[in-house]
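In: fold the following for me, if possible:
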Amino acid sequence: MKLIFRLIQSKDLEMILKWRTSPEVTKYMYTDIEFNLDTQKIWYDNIRQDSTRMDWIINVDNDDVGLISIVKIDNHNKRCEWAYYLGTSSVRGKGVGKAVELNVLKFVFENLDLNKLCCEVYKSNDMVIKLHEKFGSIVEGVRAKHIYKNSKFHDIVEMGILKDVWKEKIDGKFEYVQGIFEPKEV
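Out: Sure, this is the predicted structure:
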């Protein structure tokens, strides 16, 4: 498997919008959005200007399959948050999630030199919670009935991993495809 994380380009917006509005992706997102390319362009312009975030398309063997966002990069407190999704169902269950997770950990702790990586996951999304736990993240709390979506409230699990946990328990302990992150233009 060849894995590249390339910066989002304007030509990707329709593809991202298709992924983001697909039922299998949007069910785990906090908000539902309309299929509106003009709104997507505004989102793109905003993320390009935000110095506290980085966003990439996940490319596997020359196919664009998903999106990663590292957000709320806080260099003073040495932490950030992240999220990703696989928009192409054909790659699910083939080790892409594992490779994405381990590459992001390495990038955050080595390239960005941060101390903590955080995320939030729907409590009902057991598979992703277990994936994060397998690679060192722990549940730090649960926000009860935190998101109202589809006419009901949902609990959100807060998770995090520290750099020293990654170094001691994860780094070098798993085989995975090393990806290449395209650097953000400054």
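
In: what ranges do the strands span in the chain?
Out: 3-7, 54-60, 63-74, 79-86, 116-122, 138-149, 152-162, 180-181 (DSSP state E).

In: do you know how far residue 9 is from residue 182?
Out: Here residue 9 is placed at a distance of 10 Å from residue 182 (CB to CB, to the nearest Å). C-beta here means a position set from N, CA and C on the backbone, and glycine is covered the same way.

In: same drill for these two, tell me which one is more crowded.
Out: The neighbour comparison of residue 9 against residue 182 (other CB atoms under 10 Å) goes to residue 182, with 14 against 9.

In: is it true that the more buried one touches residue 4?
Out: Yes - if you go by CB atoms under 8 Å, residue 182 and residue 4 touch, sitting 7.3 Å apart.

In: what does the helix or strand of the chain with the lowest mean pLDDT rub up against?
Out: Here the helix or strand of the chain ranked lowest by mean pLDDT, DSSP states H and E is helix 23-26, holding a mean of 89. With contact meaning CB atoms under 8 Å, 6 or more residues apart in numbering, helix 23-26 is reached by 19-20, 32-33, 85, 87, 89.

In: let's see it at 10 Å
Out: 18-20, 32-33, 66-67, 85-87, 89, 92, 149-150 (CB atoms under 10 Å, 6 or more residues apart in numbering).

In: mind listing what the closest residue to residue 115 other than its chain neighbours touches?
Out: Counting by CB to CB, 6 or more residues apart in numbering, residue 115 lies nearest to residue 78, which is 3.9 Å off, once chain neighbours are set aside. Taking CB under 10 Å, 6+ apart as the criterion, residue 78 is in contact with 109, 112-116, 163.
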